[in-house]
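**Student:** please find the sequence and the predicted model below.
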Amino acid sequence: MAFLCLGASPATAASKPQLKPFSVPSQAVAPGAGFKVSFVVTGRGRALSRAKLVWHLSPSKRMTAGSIRVGGSSLSKLRRKRSLKGTARLRVPSFAKLGSYHLLGCVQAPKARGRRRAPKPVCRASQKRMRLAEATLTAPPGGAPPAAPGSGTGGGPEGPGPDLGGPGPDLGSGGEPAVDPATPLGTPNPLNVTPVPDSGRAVTKTVGSAGATLTATDARGTTFTLTIPADALPGDTDIAMTPLSSIGGLPFSGGLVGAVDLKPDGLRLYKPATLSIQPTTMPAVGDQAPFLYRGSGQDFHSYPLVADATKLEMALLHFTGAGVATGSGGERAAQQERVPTDIESQFEQRGAEIGDRLRRGQITSEQFADEFTVHMRDYWNRVVRPRLTAAETNDTLAELAISTFLSWSRQLALLGLDDRFADEQAAGFVSMEKILQNAYNKSFVRCVGGEVAFVRRLVALARAGQLLGLDVGADALEKSDKCLRFELDYEYDLKYRKTGGNQERFDLEVEALRAPLRFDPASLVARGAVPLTAPVWKHFDNISNGEGGTATVTNNGNATLGIDANLKNERLPDGRVVTSMEPPRIKMALDPGYVSLTGFNNTFDKRYYLRYLRLMYPDLHPTPDPVLLLQNWTYKNANPWAEIVDIRHRTNLTALNDVVDGNLTLRLHHTPAPG
């Protein structure tokens, strides 16, 4: 079919529908994410009321074989109007390649009576290109919530949704924990096993956003290769893969082919890692029994291998114990009757049975698609939709709901099942906008009210909305700046006494009061200078038998304050999750600056300020530089909002018979601007 582009073409006749010039998003959009486009179409007539506006991404200003459909809009109101203004909610498929594209809007009029063909689509291309780029997201503490169940046919979903910084208690619930509204597949009767790690064969590696490969071999000669792709992790993470020598309670009589334990347990990936198992002898396809377990052996359940029956490979989005055993068909069927406690594990096990039959050639690809459609629709009805609906009013569930929906949606795209769930996906994106707006507004109210841990969530919510093409609020960063405002008190007192023949002594007090710390939107932390004063410096020189000296601030300090919501998840016996908020995690990196000290009747700088700060508080100096890492805050949620009071007494610290007393006090005052 030929297409007509209007990018540089003369205007079409007035009798035909016309799409006016439109703009594309100026910021990059991630594959799998949504975006909005405002449009105007002119024309009028009963036939045009049945026309459709279809949107495509194209490498050029014309339709090509590489064009990708991203959505459509109804033009039914053109029956009564000469022009129609609207906003199209479009979504980039997860399989779309990164790069820049023109957006094409094509008006397709219906076939007229008596005509053999419909008229040619009338297309207009955007003047500017829009960019597709991977999202750079930060994993929440403890990993993201459960994602959709893996299919085992193409790697599963690309990973959890945006980090929202950790959900907190619902404003309308008085801070009570929120209970996951998902419906389990059945009454749990889980199988727990006892893995026995072969620690001597473990491999570890620090893996960053560039990805990496780990390889280990067990005592049987089975080789395990874990491939973590680029951008699967947001930052450096210590990964460990430990082969297992055996598994106690394994329900398969053929025994263990090979298994590994992956750490950190529960870690979630933004892209699936591939675990390849290469035994010395490949077991028959009909005997293979792949599995996962959680934690130290809980919720043992079946898990799918990839569709290629010549490989023992599985795609993993979360870290766990994983492996392959051999067993009979009856033993595998019996395992299907054991319902795990975890809801995600329940659906993984059921999806594994469908993927297993495809791998064995017992069903065709078309039959697999039909059966997996039923499976994914059940997941929508039991898990995805209830979480979305509940999270529209209860922001405690926001992250759980959004992660669940995005993972489910991405898996549909990977399996080519998008068209079967078009209505559900459209409803999901509408629901996500409500969820983000509700969570953002409540987080701002809490933050200004003193619950400062919500500031990270404010910014993350705004970024999530921007990434997904959803409206959270144009004033997101402005509100975050109003919330994340602190003043820091820093006080350091040091008293040194030398007994015996040398009677040297000194008193030093260094302080900074009400140093302002302000929000940095680039790093989601608060920063600020810490202007020092030294109100007390008395040095007694036993040689000159005099007391005095000078203290001069040569470098002021500076502080970086990070605050993380402390999310606590507890799993109910039926597999649902209870989410609540603990006191926030507070971290501060403090450069204490420098104070030059001279003793009585001389000019030498004894560097007493930094020297004794390190000697008295060595545990607060993780690196050779003078920066203090302060984490043991007492959260008061009053005035001060949090504080550290660390008093220490040391003897014989630098010489025999010396006595040193140190008092390090820091106070944080929350000073938000009016909302």
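**Tutor:** Cool, got the structure.

**Student:** in stretch 366-386, what counts as buried?
**Tutor:** Residues of stretch 366-386 classed as buried: 368-369, 371-372, 375-376, 379-380, 382-386 (neighbour count, 16 or more other Cβ atoms under 10 Å). In this view, the C-beta of every residue, glycine as well, is placed from N, C-alpha and C.

**Student:** tabulate those (a markdown table), appending secondary structure and distance to residue 267.
**Tutor:** Output for the buried residues of stretch 366-386, formatted as a markdown table (DSSP: H, G, I helix; E, B strand; the rest coil; distance: Cβ to Cβ, whole Å):
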| residue | secondary structure | distance to residue 267 |
| --- | --- | --- |
| 368 | helix | 30 |
| 369 | helix | 31 |
| 371 | helix | 31 |
| 372 | helix | 27 |
| 375 | helix | 26 |
| 376 | helix | 25 |
| 379 | helix | 23 |
| 380 | helix | 26 |
| 382 | helix | 26 |
| 383 | helix | 21 |
| 384 | helix | 23 |
| 385 | helix | 28 |
| 386 | helix | 26 |
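
**Student:** count of neighbours near residue 322?
**Tutor:** Residue 322 has 23 neighbours, counted by other Cβ atoms under 10 Å.

**Student:** pull the residues that contact the host helix or strand of it.
**Tutor:** Using DSSP states H and E, residue 322 sits in strand 321-326. Residues from elsewhere that reach strand 321-326, judged by Cβ atoms under 8 Å, 6 or more residues apart in numbering: 195, 244, 247, 250, 252, 254-262, 275, 277, 283-284, 287-294, 297, 303, 305, 312, 314, 316.

**Student:** just the buried residues of stretch 366-386 now: which is nearest residue 407?
**Tutor:** For the buried residues of stretch 366-386, the residue nearest residue 407 by Cβ to Cβ is residue 384; the value is 9.1 Å.

**Student:** any idea of the mean pLDDT for stretch 108-115?
**Tutor:** The pLDDT scores in stretch 108-115 average 67.

**Student:** offset the numbering so it begins at 54, please.
**Tutor:** All set: I'll call the first residue 54, so the last point we hit is now stretch 161-168.

**Student:** list the helices and strands the longest helix seen in the chain packs on?
**Tutor:** In the chain, with assignment by DSSP state H, the single longest helix is helix 475-501. Where contact means 3 or more Cβ pairs under 8 Å, 6 or more residues apart in numbering; DSSP states H and E, helix 475-501 is packed against strand 136-144, helix 438-444, helix 451-468, helix 507-521, helix 529-536.

**Student:** mind listing what's buried in the last one?
**Tutor:** It stands for helix 529-536. Result for helix 529-536 [16+ other Cβ under 10 Å]: buried residues 529, 532, 533, 534, 535, 536.

**Student:** tell me the pLDDT at the fifth one?
**Tutor:** In this case it means residue 535. 82.

**Student:** ok, now how distant is it from residue 232?
**Tutor:** Distance, residue 535 to residue 232, by Cβ to Cβ, to the nearest Å: 32 Å.

**Student:** what of the third one?
**Tutor:** The span separating residue 533 from residue 232 equals 29 Å under the rule Cβ to Cβ.

**Student:** how about residue 150, secondary structure?
**Tutor:** coil (DSSP: H, G, I helix; E, B strand; the rest coil).

**Student:** check contacts around the spatially closest residue to it that is not a sequence neighbour.
**Tutor:** Using Cβ to Cβ, 6 or more residues apart in numbering and skipping residues adjacent in sequence, the residue nearest residue 150 is residue 185, 7.4 Å away. Residues near residue 185 by Cβ under 8 Å, 6+ apart: 81, 82, 83, 84, 110, 145, 149, 150, 151, 152, 153, 154.

**Student:** try 10 Å
**Tutor:** 81-84, 86, 110, 121, 145, 149-154 (Cβ atoms under 10 Å, 6 or more residues apart in numbering).

**Student:** one more: residue 94?
**Tutor:** By Cβ under 10 Å, 6+ apart, the neighbours of residue 94 are 70-73, 101, 104, 106, 126, 128, 130-131, 134, 136-139, 158, 160, 175, 177.

**Student:** around the closest residue to residue 439 other than its chain neighbours, how many other residues sit close by?
**Tutor:** Leaving aside its sequence neighbours, residue 439 sits nearest to residue 234 (Cβ to Cβ, 6+ apart; 4.1 Å). Burial measure for residue 234: 19 neighbouring residues, criterion other Cβ under 10 Å.

**Student:** in stretch 317-332, what's buried?
**Tutor:** For stretch 317-332, using 16+ other Cβ under 10 Å, the buried residues are 320-332.

**Student:** now do it: distance to the chain's middle.
**Tutor:** 17 Å (Cα atoms, centre = their mean, to the nearest Å).

**Student:** then it to PDB, C-alphas only?
**Tutor:** In PDB, the C-alpha atoms belonging to stretch 317-332 read as follows (Å, rounded to 0.1, in the frame of the first residue of the first chain):
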ATOM      1  CA  PRO A 317      22.300 -10.700  47.100                       C
ATOM      2  CA  ASP A 318      19.100 -12.600  47.700                       C
ATOM      3  CA  GLY A 319      16.000 -10.800  46.300                       C
ATOM      4  CA  LEU A 320      18.000  -8.500  44.100                       C
ATOM      5  CA  ARG A 321      15.900  -7.200  41.100                       C
ATOM      6  CA  LEU A 322      17.300  -6.600  37.700                       C
ATOM      7  CA  TYR A 323      16.000  -4.000  35.100                       C
ATOM      8  CA  LYS A 324      16.900  -6.500  32.300                       C
ATOM      9  CA  PRO A 325      16.900 -10.200  32.600                       C
ATOM     10  CA  ALA A 326      20.100 -12.000  33.300                       C
ATOM     11  CA  THR A 327      20.800 -15.400  31.600                       C
ATOM     12  CA  LEU A 328      21.800 -18.400  33.600                       C
ATOM     13  CA  SER A 329      23.300 -21.100  31.400                       C
ATOM     14  CA  ILE A 330      23.900 -24.600  32.800                       C
ATOM     15  CA  GLN A 331      26.300 -26.900  30.900                       C
ATOM     16  CA  PRO A 332      26.500 -30.400  32.500                       C
END
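
**Student:** check which helices and strands the host helix or strand of residue 649 sits against.
**Tutor:** Here residue 649 sits within strand 647-651, counting by DSSP H and E. The contact analysis (3 or more Cβ pairs under 10 Å, 6 or more residues apart in numbering; DSSP states H and E) places strand 647-651 against strand 558-573, strand 586-594, strand 603-608, helix 661-669.

**Student:** any regions of the stretch 504-653 of the chain where pLDDT drops low?
**Tutor:** 504-513, 515-522, 524-530, 553-555, 574-577, 617-635 (pLDDT under 70).

**Student:** hmm, which helix or strand of the protein has the shakiest average pLDDT?
**Tutor:** Of all helical and strand segments in the chain, the minimum by mean pLDDT, DSSP states H and E falls on strand 57-58, at a mean of 32.

**Student:** so after that strand, what's the next helix or strand?
**Tutor:** strand 71-72.

**Student:** need the buried residues of helix 529-536 in JSON lines with distance to residue 446, can you?
**Tutor:** Shown next, in JSON lines, are those (distance: Cβ to Cβ, whole Å):
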{"residue": "529", "distance to residue 446": "20"}
{"residue": "532", "distance to residue 446": "21"}
{"residue": "533", "distance to residue 446": "23"}
{"residue": "534", "distance to residue 446": "27"}
{"residue": "535", "distance to residue 446": "25"}
{"residue": "536", "distance to residue 446": "22"}
